[in-house]
Each structure stands twice: as C-alpha cells, then as structure tokens.
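1. please find the sequence and the predicted model below.
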Amino acid sequence: MKVSSFLRAVCTILIFLLVFFLSPFHINIEKNQSFNYGEFSKARVTEVIKSDSSNTEKIKVIVKKGKHKGEEFIVDNTLVLMDNILHLHENDEVLLSIKESSEGELEIITYEYIREKKLLYLVLFFIFLVIIVGKIKGIQALLSVAFTICVISVLLLPGLLSGYNPIKLTIICSLIIAFFSLIIQHGFSKKTFSSFIGTLGGVTIAGIITVIMSNSLQISIGSEEIVKLSKIPQNINFDFPSILFSSIVIGALGANIDMSMSVATAMNEIKENNNHISRQELISCGMNVGVDVIGTMSNTLVLAYVGSSLITFMIFIAYSVDFNYVINL
C-alpha cells in the first residue's frame with residue numbers, strides 16, 4: 001500500500017510538471033493591450049464625505065500597494081445603478097483603477113471590494129474539511145481538483161485562444177482530466193480503467209452530437225463577452241458554437257466521471273462478492289445501477305445550469321418574454 005501511494009504521488013508530480021512545461025499553447029498568446037484598465041491598486045477608505053447629490057459620494061482613500069503606495073486621494077464613488085454599486089464605509093478595503101495620462105493627470109475609479117482574504121479563508125477551510133473528513137482520499141481529491149484546474153488554465157484556455165478546434169481540444173482535455181484524475185484518486189485498477197472507458201464514451205458521444213446539432217440548429221451567440229473576444233489582437237476567427245460546446249462538456253465532465261466511477265465501483269463490489277456471477281447478469285446489474293445514478297445526475301446537471309442562468313430566467317419572466325423567443329434564442 002505504501003509503495004502504491006508513493007508511486008501515485010510520484011506520478012502526480014510528474015503529470016503536473018508535464019502539463020505545465022510541455023504545453024504548446026501558452027507561448028502563442030500575446031498580451032492584449034486593447035483594454036486599458038490602468039493600474040489596479042489596493043486602498044483603504046479613511047473617510048466617507050457626504051455629497052449633496054444622491055448619485056455620488058466622495059471618499060478619501062489611502063493606497064496600500066502599487067506605484068502610488070502611501071498616497072491619499074479623494075475619489076468619486078458612483079451610487080447609480082450601473083455595472084456595480086459600492087456602498088463604502090470607513091476602513092473598507094477597495095480596489096482602485098488608476099490611469100495616468102501622458103500629462104501626468106490621474107483618473108481614479110473605485111472598481112471593487114477587496115475580497116481575496118475572505119476567499120482565501122474559505123478555500124483554506126474547504127481544504128481543511130476535505131483533509132479531516134477524507135484523510136488520504138481527501139488529499140487525493142484535492143490533487144485531482146488542482147490537476148483539473150491546471151489542465152484548464154494551461155491547456156484548454158490557451159488552446160482555445162490560439163485558435164485550435166474547440167471540440168477536438170475539449171475532448172482531448174476532458175479525457176486527460178478524466179484519466180489522470182481517476183488514477184490520482186483510485187490508482188491503476190480494472191475499476192479505474194472501466195470508469196475511464198465510460199467517461200470516454202460519454203464525451204465522445206457528446207462531441208458527435210454537438211457536431212451534428214451545431215450545423216442543423218444554426219446556433220448563434222451574442223453577448224458582451226463574445227464582442228470583446230471577437231476584438232482580441234490575435235485576429236482569430238472563433239467558432240463560438242463550438243466554444244459553447246466546450247463550456248457545456250467541461251461543466252458536465254465532473255458528473256460524467258462521477259457517474260462512471262459509481263457504476264464501475266458497484267459492479268466491482270458485485271463481482272468481488274459473487275465470483276460466479278455471469279457476464280450477462282453483471283451487465284444487467286450495471287444497467288440497473290446506471291438507471292438510478294443517471295436520474296440523480298441528470299437532476300444535478302439541470303440544477304447546475306439553471307442556477308448559473310437564474311438571473312436570465314428571472315428577466316425572461318419579469319418581462320413576460322414569449323416562449324417562442326426564449327426557446328429559439
């Protein structure tokens with residue numbers, strides 16, 4: 001068991017190194033200078049100055065980090081309903097966008113609350129709970145999550161921005177994530193191999209369906225993010241329907257792996273407790289388990305996607321948008 005755990009740890013480290021240093025995509029991406037947000041600096045609110053206008057207020061801030069560290073500024077904080085409203089109080093920490101013109105004049109905008117400390121505490125608390133409850137399995141699960149984030153950030157996203165085929169790239173990255181995540185958590189076994197084959201089948205079928213349906217449905221996508229992405233300096237002609245497929249597959253990949261492993265584990269337990277069971281009976285048991293699992297997993301996926309688009313659905317209902325418009329959007 002110790003040797004197996006050691007080999008698994010070594011494999012995990014090697015996999016991380018390979019993904020980071022052998023990625024062919026990141027070197028092809030140039031910096032985007034078309035969106036100039038200025039220098040982002042952390043600041044602390046020292047005073048909130050009341051204004052006669054109900055739309056704005058003035059705040060006095062002291063910059064904590066960056067080029068202007070230690071300097072004090074009086075900044076207008078907009079309170080009208082735009083992209084964001086910051087209701088600031090004394091000692092609040094805020095992120096400033098500081099733009100400096102060629103004449104040396106500064107344009108300072110209150111951009112966002114500083115949330116990184118609280119988010120860090122939340123992540124550390126999550127890691128602590130996973131390790132306390134799961135012990136070795138918990139550590140393996142965290143390594144699997146880290147590896148997944150690594151593949152998405154080092155392979156998938158740079159690959160999409162380099163103009164690679166989104167469907168092929170997503171399928172490859174999904175299989176890499178599935179294969180090595182299963183090995184990290186469960187080691188080399190028939191159960192792991194069976195689960196990977198199940199995931200491979202699911203992702204491949206999803207890719208085939210997407211290729212067929214994206215052409216027949218004539219999917220078009222329009223949003224602020226799409227407009228920004230279409231204006232990047234690399235001048236890449238993105239296949240946005242295929243990128244939509246990427247987001248759907250990546251969103252469902254965890255459930256796909258979970259369902260495959262659940263069925264593989266159940267069948268492995270049945271086989272170990274009944275060596276004389278026939279292949280046909282084992283397949284029948286697997287189908288019965290799969291029917292139960294697919295019901296809960298389908299619900300999980302629907303709730304996940306509905307939850308991510310909840311505000312959009314609220315807008316449709318609030319404005320009584322016609323169903324024909326929504327379904328053909």
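-> Great, that's in hand. Everything numeric here is computed off the predicted structure, so don't read it as measured data.

2. can you pull out the strands in the stretch 201-329 of the chain?
-> Remark: strands of the stretch 201-329 of the chain are absent; assignment by DSSP state E, counting those that start in this stretch.

3. that one: helices as residue ranges?
-> 224-230, 240-273, 279-308, 310-318, 323-327 (DSSP state H, counting those that start in this stretch).

4. so what does I59 have for phi and psi?
-> Main-chain dihedrals, I59, degrees, to the nearest 10: phi -130, psi 140.

5. burial count for it?
-> Per other Cβ atoms under 10 Å, the neighbour tally for I59 reads 23. No exception for glycine: its C-beta is placed from N, CA and C like everyone else's.

6. beta-bridge partners for it, please?
-> Assessed by DSSP bridges, I59 has beta-bridge partners V48, V75.

7. shouldn't it be in contact with T110?
-> Yes - at 7.2 Å, I59 and T110 qualify as touching, with contact defined as Cβ atoms under 8 Å.

8. deepest in the core, which of the helices of the stretch 201-329 of the chain is it.
-> Most buried of the helices of the stretch 201-329 of the chain, by mean neighbour count (mean count of other Cβ atoms under 10 Å): helix 240-273, with a mean of 18.

9. elements contacting that helix?
-> Applying 3 or more Cβ pairs under 8 Å, 6 or more residues apart in numbering; DSSP states H and E, one finds that helix 240-273 contacts helix 166-186, helix 190-217, helix 279-308.

10. what angle separates the last one from helix 190-217?
-> Our comparison of helix 279-308 with helix 190-217, counting by axes from the mean of the first three to the mean of the last three Cα atoms, to 10 degrees, yields an angle of 50 degrees.

11. how about the first one?
-> Interaxial angle, helix 166-186 versus helix 190-217 (the same axes, to 10 degrees): 160 degrees.

12. helix 166-186: which residues count as buried?
-> Residues of helix 166-186 classed as buried by neighbour count (16 or more other Cβ atoms under 10 Å): 166-167, 169-186.

13. so which of the helices and strands packed on helix 240-273 gets nearest K69?
-> Ranking these by proximity to K69 (Cβ to Cβ) places helix 279-308 first, at 38.0 Å.

14. for D92, find the nearest of the helices of the stretch 201-329 of the chain.
-> That would be helix 310-318 among the helices of the stretch 201-329 of the chain, by Cβ to Cβ, at 25.6 Å.

15. got the angle between the closest one and helix 279-308?
-> 70 degrees.

16. ok, and what's touching helix 310-318?
-> 306, 321, 326 (Cβ atoms under 8 Å, 6 or more residues apart in numbering).

17. and G187, what are its phi and psi?
-> Torsion angles, degrees, to the nearest 10, at G187: phi 70, psi -180.

18. good, wrapping up.
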